[in-house]
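# okay, sequence plus prediction incoming.
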Amino acid sequence: MDKFTTHTGVGVPLKRSNVDTDQIIPAVYLKRVTRTGFEDGLFAAWRGDPDFVLNDPAYASGSVLVAGPDFGTGSSREHAVWALQNYGFRAVISSRFADIFRGNSGKAGLVAAQVDEKVVQRLWDWLEDNPGGEVTVDLESRTVRAGAGEDAVEDSFDIDDYTRWRLLEGLDDIGITLGHDTDIADFEASRPSWKPVTA
Amino acid sequence: MGKTLSEKVWDEHVVRSAPGEPDLLYIDLHLLHEVTSPQAFDGLRLASRTVRRPDLTLATEDHNVPTVDWDKPIADPVSRTQVETLRKNCADFGVRLHPLGDVEQGIVHVVGPQLGLTQPGMTIVCGDSHTSTHGAFGAIAFGIGTSEVEHVLATQTLTQARPKTMAVTINGSLPEGVTAKDMVLTLITHTGTGGGQGYIVEYRGQAIEELSMEGRMTVCNMSIEWGAKAGLIAPDQTTFDYIEGKPEAPKGADWDAAVAHWKTLRTDDDAVFDREIELDASTMTPFVTWGTNPGQGAPLGATIPSPDDFGEPNDKVATEKALHYMGLEAGTPLREVKVDTVFVGSCTNGRIEDLRLAASILEGRHVADDTRLLVVPGSVRVRLQAEAEGLDKVFLAAGAEWRGAGCSMCLGMNPDQLAPGERSASTSNRNFEGRQGKGGRTHLVSVPVAAATAVRGTLSSPADLQEV
């Protein structure tokens, strides 16, 4: 996984709450057996609408999504994270993420930055005044920033310490766990014999 | 201070715990299907890793599989490739697979319990959010993403931050004709889709204890629809009776040892939950959704709400968008909403009890003109059991389509999809935009409401039907 320290890119306001993973990528797009090529399925049902934000040339090259509360609810499909990444997104800002989506983001290298609902509204307002404007997601200082001077938006965001550390270092989670192989083997030796097996 | 049930199960599975780090949790059972596993197996190959415990891993084919012509090759080449990839991966890595055509094939969350692999006190994961279903047995069970699937394949563990605990106590008894599905839909509208976020939920109280295992699975299945990490129910005699004699259940002295341990899996009297919710089952009624998330629901006897009924600006906007998408007008009685397709099936309501209930309502009746009823058993075993009981004949005589096992129209990855603008009453778990087919409009309902709706052609309960 590549290291993530800070990213600055075009902010995209997605003014919806409860954006579930079926909206991020519908099931019919989940049939690929690779981790790439999912960008075509991103927000597929909405992309047909000329007024959808990503169809506005100002936002087409967006890389920081600013979304309403309860982002990523529903299906556990990590394809939702891959579709965002394949399109070019590096971070999503929201006031509330569904647990599985947040977990998947941390594993795949997409920053899920949780902010106060008021910060989302301020970023939406700022982007409305500055379409195509850039938003910074700084993982080292845990801050989101946009603009300068009086209109500037700057606030802190929440991300758990462990995920932040792994993203900053670009660490492979499985590699870390395999370092605890002795602990796992010890645990296995103590499991009751009546626990079910499939083989 | 005592411990809650979920804390007991969690603590029994901690391999390693360190300050400032998530716990390393051992996984007792890892279930796989074709959609969320191919990239995980690829990751293993790239890193020259193996599956640590193929003997704690089980795969089946469910999301993509056709429910007609299941003895022929899958027509959609992309679906076929995904299913064939699972077969190759299972063969290469030594994982037991129940493929299409096998008698144990079916929806992964129906297969685990019917094999007796789902047992109290276990940790169970699968790359599917409805893994929460298995919590009905007193297991900690939750959905994971593909990176985590790879992690479990390689290590049989997961790194997990300890969730908070919540109790949902449902007092009283459900009235006649009101089901576990109505109970959980009522709860989700009460809490909203984010209400359970960050919690493992224990469902308890008289109404929960009175549910069958299949009803308990329906409740736990939808834990994810209100954002909970997992939902579980303390095992009791109902649980033990269900498991005993199943193919993979413990036998002889192992059974006695297992039951002795399972009986300890209860929340201690002095344990404290981080949050508690109480509901009264005796006031519940048939409950359906009108919107585009499972928290947008109302009693069947109500009218469709108006955006102005909601105080929160986000809820107002969400209601406006939902009514527009659903093609509904505020103030319309839900019973007047005309339905094109009724779907009975899924990991929420595709088990034998569900089919028996549907058949008992459809017996001697016929599906309305212009309405289509699809009955899709959750597994091949469920299909065979239903046929042994003659339920298939009841469905066919009523004008329904009797299909093969799989996820089917719950998410429309196979050809079972709604057309744009088509409206369904569905016993499944999600009414998201486009979930059952692009432009499709979904109302989540219980099995009795589904069957009665198929007969009348508008959202209905069995009480609305004429005597036969």
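Yep, that arrived.
# can you pull out the helices in chain A?
Remark: helices assigned in chain A by DSSP state H are A:21-24, A:44-47, A:79-87, A:99-108, A:117-129, A:161-169, A:173-178, A:181-189.
# could you dump these to CSV with distance to chain B and mean neighbour count?
Using the backbone N, CA and C atoms, a C-beta is placed for each residue, glycine as well. Output for the helices of chain A, formatted as CSV (distance: least, CB to the nearest CB, whole Å; neighbours: other CB atoms under 10 Å in any protein chain shown):
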stretch, distance to chain B, mean neighbour count
helix A:21-24, 4, 26
helix A:44-47, 5, 16
helix A:79-87, 7, 25
helix A:99-108, 4, 25
helix A:117-129, 8, 17
helix A:161-169, 6, 16
helix A:173-178, 5, 18
helix A:181-189, 5, 13
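# want to throw those into a markdown table with mean pLDDT and distance to B:Pro77?
Output for the helices of chain A, formatted as a markdown table (pLDDT from 0 to 100; distance: least, CB to CB, whole Å):
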| stretch | mean pLDDT | distance to B:Pro77 |
| --- | --- | --- |
| helix A:21-24 | 97 | 23 |
| helix A:44-47 | 96 | 20 |
| helix A:79-87 | 98 | 19 |
| helix A:99-108 | 96 | 27 |
| helix A:117-129 | 97 | 42 |
| helix A:161-169 | 96 | 37 |
| helix A:173-178 | 94 | 32 |
| helix A:181-189 | 98 | 40 |
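# need the longest strand for chain A.
In chain A, with assignment by DSSP state E, the single longest strand is strand A:6-14.
# right, is stretch B:298-309 up against chain A?
No - applying CB under 8 Å from any CB of the partner chain, one finds stretch B:298-309 out of contact with chain A, separated by at least 13.2 Å.
# still on that earlier bit, what's the angle from the longest strand of chain A to helix A:161-169?
For strand A:6-14 against helix A:161-169, the angle by axes from the mean of the first three to the mean of the last three CA atoms, to 10 degrees is 120 degrees.
# packing partners of strand A:6-14?
When contacts are defined as 3 or more CB pairs under 8 Å, 6 or more residues apart in numbering or on different chains; DSSP states H and E, strand A:6-14 packs onto strand A:64-67, helix A:117-129, strand A:134-138.
# partners of it in the sheet?
strand A:64-67 (parallel), strand A:134-138 (antiparallel) (DSSP bridges).
# closest one to B:Arg216 among those?
Nearest of those to B:Arg216, taken as CB to CB: strand A:64-67 at 34.4 Å.
# just the residues contacting the closest one, thanks.
A:7, A:9-14, A:16, A:19, A:84, A:89-94, A:120, A:123-124, A:127, A:134-135, A:137 (CB atoms under 8 Å, 6 or more residues apart in numbering or on different chains).
# likewise stretch A:13-20?
By CB under 8 Å, 6+ apart, the list of residues contacting stretch A:13-20 reads A:53, A:59, A:65-75, A:123-124, A:127-128, B:193, B:292-293, B:314, B:317-318, B:321, B:430, B:432.
# B:Leu465 is nearest to which of the helices of chain A?
It's helix A:21-24; of the helices of chain A, that one is closest to B:Leu465 (CB to CB) at 33.0 Å.
# who touches the closest one?
Contacts for helix A:21-24 (CB under 8 Å, 6+ apart): A:42-43, A:45-46, A:72-77, A:79-80, A:83-84, A:98, A:101, B:411, B:430, B:432-435.
# let's see it at 7 Å
Here helix A:21-24 makes contact (CB atoms under 7 Å, 6 or more residues apart in numbering or on different chains) with A:42-43, A:45, A:72, A:74-75, A:77, A:80, A:83-84, A:101, B:430, B:432-435.
# any idea how far the nearest residue to B:Leu418 once chain neighbours are set aside lies from A:Thr73?
Leaving aside its chain neighbours, B:Leu418 sits nearest to B:Gly440 (3.0 Å; criterion: CB to CB, 6 or more residues apart in numbering or on different chains). Going from B:Gly440 to A:Thr73 by CB to CB, to the nearest Å gives 19 Å.
# between the two, which is the more surrounded one?
A:Thr73 (33 against 24; other CB atoms under 10 Å in any protein chain shown).
# identify the bridge partners of the more buried one.
Bridge pairing for A:Thr73 - DSSP bridges - gives A:Asp20.
# got the contact list for it?
Contacts of A:Thr73 by CB under 7 Å, 6+ apart are A:Asn18, A:Asp20, A:Ala98, B:Thr193, B:Gly227.
# in this structure B:Val394 contacts B:Gly364, no?
No - using CB atoms under 7 Å, B:Val394 is not in contact with B:Gly364, being 8.7 Å away.
# pull the number of nearby residues for residue 109.
All of this is about chain A. Applying other CB under 10 Å, we find 17 other residues in the vicinity of A:Gly109.
# the intended chain is chain B.
When neighbours are defined as other CB under 10 Å, B:His109 has 33 of them.
# mind listing what it touches?
Neighbours of B:His109 in contact, by CB under 7 Å, 6+ apart: B:His130, B:Thr131, B:Thr133, B:His134, B:Cys347.
# for the stretch 51-200 of chain B, which residues are neighbours of chain A?
Proximity of the stretch 51-200 of chain B to chain A, by CB under 7 Å from any CB of the partner chain, involves residues B:54-58, B:78-79, B:81-82, B:85, B:96, B:117, B:119, B:127-129, B:143-148, B:150-151, B:154-157, B:159, B:161, B:193-194, B:197-198.
# so which residues on the stretch 301-450 of chain B come close to chain A?
So far as CB under 7 Å from any CB goes, the stretch 301-450 of chain B lies against chain A at B:Asn314, B:Ala318, B:Leu411, B:Gly412, B:Met413, B:Arg430, B:Phe432, B:Glu433, B:Gly434, B:Arg435, B:Lys438.
# helices - which of those residues land there?
Using DSSP H, these in helices are B:Asn314, B:Ala318.
# which residues sit against stretch B:80-87?
A:31, A:33, B:34-35, B:37-38, B:59, B:61, B:64, B:73-74, B:97, B:99.
# can you flag the buried ones in the residues you listed?
A:Lys31, A:Val33, B:Glu34, B:Val35, B:Ser37, B:Pro38, B:Ala59, B:Glu61, B:Asn64, B:Ile74, B:Leu97, B:Pro99 (16 or more other CB atoms under 10 Å in any protein chain shown).
# excluding its backbone neighbours, what's nearest the fourth one?
Nearest residue to B:Val35, sequence neighbours excluded (CB to CB, 6+ apart): B:His63, at 4.7 Å.
# a helix runs through that neighbour, doesn't it?
No - read with DSSP: H, G, I helix; E, B strand; the rest coil, B:His63 is coil and lies in no helix.
# re earlier: distance to B:Pro113 for the buried ones among the contacts of stretch B:80-87 - can I get that in JSON lines?
Output for the buried ones among the contacts of stretch B:80-87, formatted as JSON lines (distance: CB to CB, whole Å):
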{"residue": "A:Lys31", "distance to B:Pro113": "27"}
{"residue": "A:Val33", "distance to B:Pro113": "28"}
{"residue": "B:Glu34", "distance to B:Pro113": "20"}
{"residue": "B:Val35", "distance to B:Pro113": "20"}
{"residue": "B:Ser37", "distance to B:Pro113": "20"}
{"residue": "B:Pro38", "distance to B:Pro113": "25"}
{"residue": "B:Ala59", "distance to B:Pro113": "16"}
{"residue": "B:Glu61", "distance to B:Pro113": "18"}
{"residue": "B:Asn64", "distance to B:Pro113": "22"}
{"residue": "B:Ile74", "distance to B:Pro113": "26"}
{"residue": "B:Leu97", "distance to B:Pro113": "18"}
{"residue": "B:Pro99", "distance to B:Pro113": "20"}
